[in-house]
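# Compute the structure for the input listed below.
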Amino acid sequence: MNNATLNIGSSSKGRILIVIHTEREENIRIISCRKATSKIMSKVHGDADGTAGGNYTFSFTTQEPTYEISVSPAGGTVAPKGELRHTVTITNGCPRAEDFTISEKIIQYSNFLRYSLSQTSFHIEGGGSATTELVVSNSADSCEDVSGDKLKIELLAIGAGMNEAWAREHQKYVEVTDEPNASYFSPPSVVSAEAGASIDTKVTITFSTDMDMASVEGALTCSFAYTTSWSGEKTIVLTPSGGLDYCHEYQVSVGTGARSKTCKKNMEQAYTFSFTTEPPPFGISITPPFASVKKGKSASAL
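Below is the predicted model:
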């Protein structure tokens, strides 16, 4: 075995192995592959005085685990009585399978937001990944000011072959931030009002949030007869009854009785706008504009 080579390494399962092989031209012949024991190590290395037998001590360091945890979306806003769903993904970059557990910690508490994880334990093959769902819900249903009310959660993925201290030291965690959508708790307002110039134009009024439709219709004042329809719960459409007049200015007002559907607040200021219709598309003309007529004759013009 003079030409044999001895190697000491670890298997995919973390066992220390002693492998003896020899090379013959382009072929490699495995002579022996055994799990390392103190008895085998003493035969390989011998005692400190050069004689066979005895114990041999050595140390080695395994590779750092390679895994990632991510959340999509990383944060967001949640409407009252609504929820936002996040996808949590754990990727195992190690060659062997690993059991993972997600550790949760609230960094900043919220008065309105709560969360739940659909799964916290995973068995992931080497090079594979697994996902779970993080659901953040908003319990608020009043007009209370929730500005700055946030929920921050730390999600830490810990493998069975590693410890939490190592994971925290190497920052294998993510932070999810969710906050209530403050616009749902603000008084409503008109964000746009549009009308064309034609006599059959429609008037479109869009609000900043979902509205109580009956309150909006009751708060409308127009200088023409109309019917109403809605596009969603933010936009009302006014259709003139019987058409409008040419070259005429019309006015539309939304009073403070218009109320938000979500927080039940009224508009703080009335909104008024006007529009003018186009001139009529007709006139009078003579063709040809000039003509000469001889005595006793006549001429016609169109």
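
# Which helix or strand in the protein has the lowest average pLDDT?
Taking mean pLDDT, DSSP states H and E as the measure, the chain has helix 38-45 as its least confident helix or strand, at a mean of 56.

# next SSE after that one?
Next helix or strand after helix 38-45 toward the C-terminus (DSSP states H and E): strand 67-72.

# Give me the pLDDT value at residue 132.
We have a pLDDT of 96 for residue 132.

# Could you say which helix or strand holds it?
Applying DSSP H and E, one finds residue 132 within strand 129-138.

# tilt between that strand and strand 67-72?
Taking axes from the mean of the first three to the mean of the last three C-alpha atoms, to 10 degrees, strand 129-138 and strand 67-72 form an angle of 40 degrees between their directions.

# Give me the mean pLDDT for the helix or strand following strand 129-138.
Next helix or strand after strand 129-138 toward the C-terminus (DSSP H and E): strand 151-159. Averaged across strand 151-159, the pLDDT comes to 90.

# who touches the residue most central in space within the chain in this structure?
With distances taken as C-alpha atoms, centre = their mean, residue 73 lies nearest the centre of the chain, 3.4 Å away. Residues near residue 73 by C-beta atoms under 8 Å, 6 or more residues apart in numbering: 84, 86. Just so you know, the C-beta spots here come from the backbone N, C-alpha and C atoms, and that holds for glycine as well.

# Apply 7 Å and report the result again.
If you count contacts by C-beta atoms under 7 Å, 6 or more residues apart in numbering, residue 73 has them with residue 86.

# Show the pLDDT at it.
92.

# what's the spacing between it and residue 87?
8 Å (C-beta to C-beta, to the nearest Å).

# Same question for residue 112.
Taken as C-beta to C-beta, the span from residue 112 to residue 87 is 23 Å.

# Tell me which of the two has more neighbours.
Just comparing residue 112 and residue 87: by other C-beta atoms under 10 Å the higher neighbour count belongs to residue 112, 20 against 12.
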